[in-house]
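model this:
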Amino acid sequence: MKTCLVALAAVTMALAQDAETPSWEGFLSVGGLFTSGNTEVCQIDTGLEIGRRLAGQRFRGDLEASASYGSRDGEAYLEKYRSTLTFIFTMTGNNYATAGGYWTRDEFTGIGHEWGITAGLGRKLVRTGSLTVSMEAGAGLLNRENTDGETLETSAGYTGLDFELLPGGSWTLAESFRFTTDFQDSDNYSMESVLEANSSITGSLSLVTGYDVVFHNVPPVEGNEKTDTSLRVQLRLGI
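Numbering: from 1, shown residues only. Next up is the predicted model:
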């Protein structure tokens, strides 16, 4: 699934060579990650996010990929990978439709591998010079195999809320919250919060501090903690 997402992104974006279409934009990041919950490790954290408009100003494609590596007691090495492909179509000034897919492996929370596809609708609730707030909701399919061998195939719904604040100067503060629920088991829901502070250092280089919280009401592996947290410190280079 991971390979398919990357291949689909490459083919789709390669076909969009309109002379009026802006070039690629995005960033590379590298830093450290300090986790708590099911694991308490220090690890290397890397990421890539690129995107471009595919047709005029209304259709956009974004590809994100990240990888984290850590060790526990100097013996057990843990890995976390995630790749996400998202297409966004702006219907009006504030309303948009979105569709995409993802693949992830998260040994820190007990997920051997998971893939899913989603589609939804979103709206920018607030859009000023210093503040942007948007809300999105949708549904999709989820397929997961946990590290203990248990599997899950289900349909799920999600609701997301994002905001970005520009306090002034070189600072940016962003929060992304997402709630996901299993349509076939109401007790099986999860929440994810990602808070980031971005400070420009010079040119396209910035320092990013992030705090992530992931909550599974039904942990992927029985007996695991429900909540995992991580503190990220990264250098981010715009490309």
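
Parallel or antiparallel, list what pairs with the helix or strand that residue 47 is a member of.
Secondary structure assignment for residue 47, by DSSP states H and E: strand 42-55. With DSSP bridges as the test, strand 42-55 is paired with strand 25-36 (antiparallel), strand 59-72 (antiparallel).

centre of the chain versus that strand, how much separation?
9 Å (CA atoms, centre = their mean, to the nearest Å).

Buried residues, it. List them.
43, 45, 47-54 (16 or more other CB atoms under 10 Å). Any C-beta I mention is one placed from the backbone N, CA and C, and that applies to glycine too.

show me what contacts residue 114?
103-106, 142-145 (CB atoms under 8 Å, 6 or more residues apart in numbering).

among the residues you listed, which are in strands?
Among the contacts of residue 114, the ones falling in strands (DSSP state E) are 103-106, 142-145.

shaky segments in this structure?
1-23, 38-39, 41, 55-56, 71-76 (pLDDT under 70).

Put the alpha carbons of stretch 215-230 into PDB.
Output in PDB follows, covering the C-alpha atoms of stretch 215-230 (Å, rounded to 0.1, in the frame of the first residue of the first chain):
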ATOM      1  CA  PHE A 215      -5.200   8.200  22.400                       C
ATOM      2  CA  HIS A 216      -6.800   4.800  21.500                       C
ATOM      3  CA  ASN A 217      -9.800   3.900  23.700                       C
ATOM      4  CA  VAL A 218      -9.200   0.300  22.700                       C
ATOM      5  CA  PRO A 219      -5.400  -0.100  22.400                       C
ATOM      6  CA  PRO A 220      -4.100  -1.900  19.300                       C
ATOM      7  CA  VAL A 221      -2.400  -4.500  21.600                       C
ATOM      8  CA  GLU A 222      -4.400  -5.600  24.700                       C
ATOM      9  CA  GLY A 223      -2.800  -4.400  27.900                       C
ATOM     10  CA  ASN A 224      -1.000  -1.500  26.300                       C
ATOM     11  CA  GLU A 225      -1.400   2.100  27.600                       C
ATOM     12  CA  LYS A 226      -4.200   4.000  25.900                       C
ATOM     13  CA  THR A 227      -2.200   7.200  25.500                       C
ATOM     14  CA  ASP A 228       1.100   7.800  23.800                       C
ATOM     15  CA  THR A 229       2.800  11.200  23.800                       C
ATOM     16  CA  SER A 230       5.900  12.600  22.100                       C
END
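
switch to numbering from 698
OK, 698 is where the count begins now, so the last one is stretch 912-927.

for it, the distance to its chain's centre please.
Worked out by CA atoms, centre = their mean, stretch 912-927 lies 18 Å from the chain centre.
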